[in-house]
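K.L.:
pasting a predicted model and its sequence here:
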Amino acid sequence: MAITLQTEGIPRQSPRRQSALVLTALGVVYGDIGTSALYGLKQAVDASGVSTPEAVTGVVSLIVWALLLIVGLKYAILILRADNHGEGGIVALLALLDARHAPRGSARASLLIVGLIGAALLYGDGVITPAISVLSAVEGLKIDAPALAPMVVPITIVILVCLFLVQRKGTEFVGNIFGPLMLVWFVAIGLLGLKGIVQSPAILAAISPHHAVLYLSHAGPGIAFAVLGAAFLALTGAEAMYADMGHFGRLPIQFGWFAIVSPALMLNYLGQGGLLLADPQAVENPFYLLVPRWAHYPMVAFATIATVIASQSIISGAYSLTQQAMQLGFLPRMRVLHTASHEKGQIYIPVVNWLLAVGTLGAVLTFRSSDALGGAYGIAVSMLMAITTVLAALVALKWGYNPLLVVAANGFFLVIELVFVTANMTKLIEGGWFPLLLACIIAFLMLTWRTGWLLLEQERAKLRQREDEFIEWVIKTPPVRLSGAAAIFTAATTGIPLGLTHHLRHNRVLHERVLLIATVIVDAPRVDPAERIKLVPVGAGITRVLFHFGFMETPDVMEGLRLACQQPELRGIDPENITYYFRRVMVVPCGRASGMSFWRKGVFATMHLNANLPAAYFGVPPAQVVEVGLEVEI
């Protein structure tokens, strides 16, 4: 089909390694969608207003077929083949479309805005998911102990605070037990579902899609849209299958879905429906009422652990997304800590962690129940799914697939997803505004940073001296040459950095060897080590050193410099004895440069002032750093 794209770059794994990846993916990829069973059907039946057999069968049929079409067919079979050298996610799609290099005002630049909105929606999802997941698990206490109802929110707050506090310790140990725990979770909810099906075998009629169609057509527009919006909660977490493809590969994720996750979820939703057919009063909490009475408290504890796993996956995903956005120039540099020395993918970004914590705790304190949070949940995910479908279609067209097949395949899913988007929009007043507000703020900051950085670079480019002019100046009026080497970091790959020009003009000295260091982020996830370094002789003992990194990589400039100094052109230079020069740019907003309003320039200047300093970001030893101040008006 048209949405099936390239698959180069996905490494082949041994069967034993594939099995291990499947197990690990159960926790990292499927934690969110796997815990949606706690509240998905309950919210949808509540939205219908009645729990008649027709309504229950219709709602269960709707959820089952939404899982089959959107998650099974679109994501597991088709979208997972749309990879950027093995990596997935909306940032990978933006890189494939080369949208960040598009001229301002062009159609591709508009795509960049759409893509950045999609990325921002992920942060909204990251705030709501921990809140609704942990709340829905802890609310199981009210089944056997209604007196504990006032304690649900405080217990949830304590769990979430602990979750965010342990982030700086890393998730390596917990990650090793995520997969096995989630495997037990899926087996348990599947067996509970079988119990409900045996209790009311008539629920198996929901496997036929005509029950969903009949119910929606007879329910009336208002109720139908409310049910569609609530039923979409069963799909939240599907986007993780694509976003985490680079960590596990396509086949382990597909096998995990079709062999474990999908059967367990289908059985559980059918089982909850069977329970409701037998006892309409069970709509109070059909998931927990499927559990034998003696196992209620253990199940509450187990569900809480499962929701913590789901929350951890979302939080880790936010770190990864932020790192990619920084690399591609959509966000300012932030402090990134590696929590595992042997695993580069495990990172911790303090600013992101605490902003997510504030947003999540604020959501719990504002909405105070999973039912109320249901109104805030789903709208961001449904919009993200629709954006992903559009971007994947454009990539398919770029790669030369038949336009008719592209329109047919992607258009089919886009229509379904737009229906879900419209249905979720009915929840805008109830709480849907919350993730959308967060997404709008983040998208605004991303676009402001990108536009401001382009304006700043335009102004700096005007001030840079041409290489031939600088070399001619050095030759005609030779400065005092200091022994040793100096490295000057620059954002440009051409021209002479302002710091070097000012240094020579005012001090009239120049090191014998000068390295102009620049990092280049490419639109591929990773760069082959053989293509990492490019040396360009400039003249007069000056060499330009270009380091190429992928958007999934952390720029390890010091390690790259050690390798570069082993090349014949730089032999004799010791990176441990180099003086590193950085510029500290102070952005001054003014009305001279066009392209952004004055107040947005002020926002950019504030972001730039608070960004992590280049020396710290690139890991240069502080004792070898010299900073040069520079004011630039934009």
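P.N.:
Arrived safely.
K.L.:
show me where pLDDT drops low in this protein?
P.N.:
By pLDDT under 70, the low-scoring segments of the chain are 1-15, 99-108, 170-176, 340-346, 591-593.
K.L.:
and the strands in it, which stretches?
P.N.:
Ranges of strands in the chain, per DSSP state E, are 337-338, 347-348, 480-489, 509-521, 533-539, 542-549, 579-588, 625-633.
K.L.:
can you redo those strands as a markdown table with distance to Ile429 and mean neighbour count?
P.N.:
Every residue, glycine included, has its C-beta placed from N, CA and C. Output for those, formatted as a markdown table (distance: least, Cβ to Cβ, whole Å; neighbours: other Cβ atoms under 10 Å):
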| stretch | distance to Ile429 | mean neighbour count |
| --- | --- | --- |
| strand 337-338 | 40 | 14 |
| strand 347-348 | 36 | 19 |
| strand 480-489 | 50 | 16 |
| strand 509-521 | 41 | 19 |
| strand 533-539 | 55 | 14 |
| strand 542-549 | 45 | 20 |
| strand 579-588 | 39 | 19 |
| strand 625-633 | 44 | 14 |
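K.L.:
state the distance from the residue most central in space within the chain to Gly88.
P.N.:
Against the mean C-alpha coordinate of the chain, by Cα atoms, centre = their mean, the closest residue is Leu321 at 3.8 Å. Counting by Cβ to Cβ, to the nearest Å, the gap from Leu321 to Gly88 is 12 Å.
K.L.:
which one of the strands of the chain lies nearest to Gly249?
P.N.:
Across the strands of the chain, Gly249 has its closest neighbour in strand 347-348 (20.5 Å, Cβ to Cβ).
K.L.:
show me what the closest one packs onto, helices and strands only.
P.N.:
Packed against strand 347-348, as judged by 3 or more Cβ pairs under 8 Å, 6 or more residues apart in numbering; DSSP states H and E, are the following elements: helix 296-327, strand 337-338.
K.L.:
pick the most deeply packed of those.
P.N.:
Most buried of the helices and strands packed on strand 347-348 by mean neighbour count (mean count of other Cβ atoms under 10 Å) is helix 296-327; its value is a mean of 22.
K.L.:
turn the helices and strands packed on strand 347-348 into TSV, columns for distance to Gly126.
P.N.:
Below are those laid out as TSV (distance: least, Cβ to Cβ, whole Å):
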stretch	distance to Gly126
helix 296-327	5
strand 337-338	19
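K.L.:
surely the residue nearest to the centre of the chain and Ala92 touch.
P.N.:
No - contact between Leu321 and Ala92 fails when scored by Cβ atoms under 8 Å: they sit 10.8 Å apart.
K.L.:
any shared contact partners between Leu321 and Gly88?
P.N.:
Ala243 (Cβ atoms under 8 Å, 6 or more residues apart in numbering).
K.L.:
specify the residue ranges that define each domain of the chain.
P.N.:
Domains of the chain are assigned by automatic domain parsing as 20-452, 463-633.
K.L.:
which of the ones you listed is buried the deepest?
P.N.:
Mean neighbour count (mean count of other Cβ under 10 Å) peaks for domain 20-452 among the domains of the chain, with a mean of 20.
K.L.:
that one spans what distance, first to last residue?
P.N.:
In domain 20-452, first residue to last residue: 45 Å (Cα to Cα, to the nearest Å).
K.L.:
ok, now stretch 136-151?
P.N.:
The first and final residues of stretch 136-151 sit 13 Å from each other (Cα to Cα).
K.L.:
same deal with stretch 546-558?
P.N.:
Across stretch 546-558, the terminal residues are separated by 13 Å (Cα to Cα).
K.L.:
let's number from 7 now, not from 1
P.N.:
Sure thing, new numbering starts at 7, so read that last one as stretch 552-564.
K.L.:
where's the closest residue to His216 other than its chain neighbours relative to Gln260, distance?
P.N.:
Once flanking residues are discounted, His216 sits nearest to Ser67: 8.0 Å by Cβ to Cβ, 6 or more residues apart in numbering. Per Cβ to Cβ, Ser67 is found 24 Å from Gln260.
K.L.:
and if you look at Phe495?
P.N.:
For Phe495, the distance to Gln260 (Cβ to Cβ) stands at 43 Å.
K.L.:
likewise Gly277?
P.N.:
From Gly277 to Gln260 the distance is 25 Å (Cβ to Cβ).
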